[in-house]
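Enquirer: starting from these lines, generate the structure:
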Amino acid sequence: MTPLYLHGLPGSGAELALGGRSMPVLDRNAPSFAQTAIRLPAGPLHLIGFSLGAACALRLAVLAPEKIGRVTLISAAAPLELGDFLPAMAGAPVFRLARSHARLTMLTTIQSTLARLSPALMLKLLMKGADPADLSLYAGPDGAIVRRAVTEGLTHHKAVYLREVAAYVQPWARHLAYVRCPVDLHHGRADRWAPFEMAQTLTKALTRADVTLHPHADLGHYSTLKQVLPTL
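Expert: Residues are numbered from 1 along each chain as shown. Model prediction:
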């Protein structure tokens, strides 16, 4: 089964360096999820989705079931309509603004400019409210990896960021019932970007899939990615 990585948003394939891994990264620059599904290589594929990349992986599992053999979700962002998640999410202000395309575009332009001029300041602002495990990760050598991924996500992958964040804040939970391949969820209990409750909710909502939830005590968003990547 061929692994295919779906990075977070804002993010890039640079995230793989957190786990010392190298694998193909899915090009998501197509105009829609449907066209991304059409462009997928021949299967069977093992989609590995991190953060908002998990939302894309689940949509592709529905759109191209003949190509997807397995899905692994790390620090997955669940549909917002499935629970009152926003108050506990560090990125809540961005997702609230994302419900207006004009406001999301304006915010992304500001973020993109700041990412080019001062990547360190951009990361500091973006990671405000992160969990202790992630704050420790950012303060060490891995901070440069996250900074690079976020900067690339807001510059090289800006169009993907705009399109998929806008899609994420709209209702999409209805798609989950059509995911039929095995799904593994790895989630940190201390995650403040995608609260652990999201993983629990996804486990229940994927009613036709063989789902296994792997909790990671004391880990957060990126720290869970760092721990899980070497095991895949």
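
Enquirer: every contact and neighbour count from this point should use C-alpha atoms.
Expert: OK.

Enquirer: CA atoms of the longest helix seen in the chain as PDB?
Expert: Taking DSSP state H as the criterion, the chain has its longest helix at helix 101-117. The C-alpha coordinates for helix 101-117 follow below in PDB (Å, rounded to 0.1, in the frame of the first residue of the first chain):
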ATOM      1  CA  HIS A 101     -14.800  34.500   2.300                       C
ATOM      2  CA  ALA A 102     -13.900  38.200   2.200                       C
ATOM      3  CA  ARG A 103     -12.600  38.200   5.800                       C
ATOM      4  CA  LEU A 104     -10.700  35.000   5.300                       C
ATOM      5  CA  THR A 105      -9.000  36.300   2.200                       C
ATOM      6  CA  MET A 106      -8.100  39.500   4.100                       C
ATOM      7  CA  LEU A 107      -6.700  37.600   7.100                       C
ATOM      8  CA  THR A 108      -4.700  35.200   4.800                       C
ATOM      9  CA  THR A 109      -3.200  38.100   3.000                       C
ATOM     10  CA  ILE A 110      -2.000  39.600   6.200                       C
ATOM     11  CA  GLN A 111      -0.700  36.200   7.500                       C
ATOM     12  CA  SER A 112       1.100  35.600   4.200                       C
ATOM     13  CA  THR A 113       2.800  38.900   4.300                       C
ATOM     14  CA  LEU A 114       3.900  38.400   7.900                       C
ATOM     15  CA  ALA A 115       5.100  34.900   7.100                       C
ATOM     16  CA  ARG A 116       7.400  36.300   4.400                       C
ATOM     17  CA  LEU A 117       8.700  39.200   6.500                       C
END
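
Enquirer: could you list the residues in contact with it?
Expert: Helix 101-117 is touched from outside by 94, 97-98, 121-123, 150-151, 154-155, 158, 162, 166, with contacts defined as C-alpha atoms under 8 Å, 6 or more residues apart in numbering.

Enquirer: pull the most distant pair out of these.
Expert: Greatest spatial distance in those: L121 and A166, 24.3 Å, computed using C-alpha to C-alpha.

Enquirer: the two: which has the busier surroundings?
Expert: Remark: of L121 and A166, A166 carries more neighbours, 18 against 13, as counted by other C-alpha atoms under 10 Å.

Enquirer: right, and the more buried one touches A98 too?
Expert: Yes - using C-alpha atoms under 8 Å, A166 is in contact with A98, at 5.6 Å.

Enquirer: what residues sit buried inside the longest helix of the chain?
Expert: Within helix 101-117, the residues that count as buried by 16 or more other C-alpha atoms under 10 Å are 104-105, 108-109, 111-112, 114-115.

Enquirer: appreciated, that's everything.
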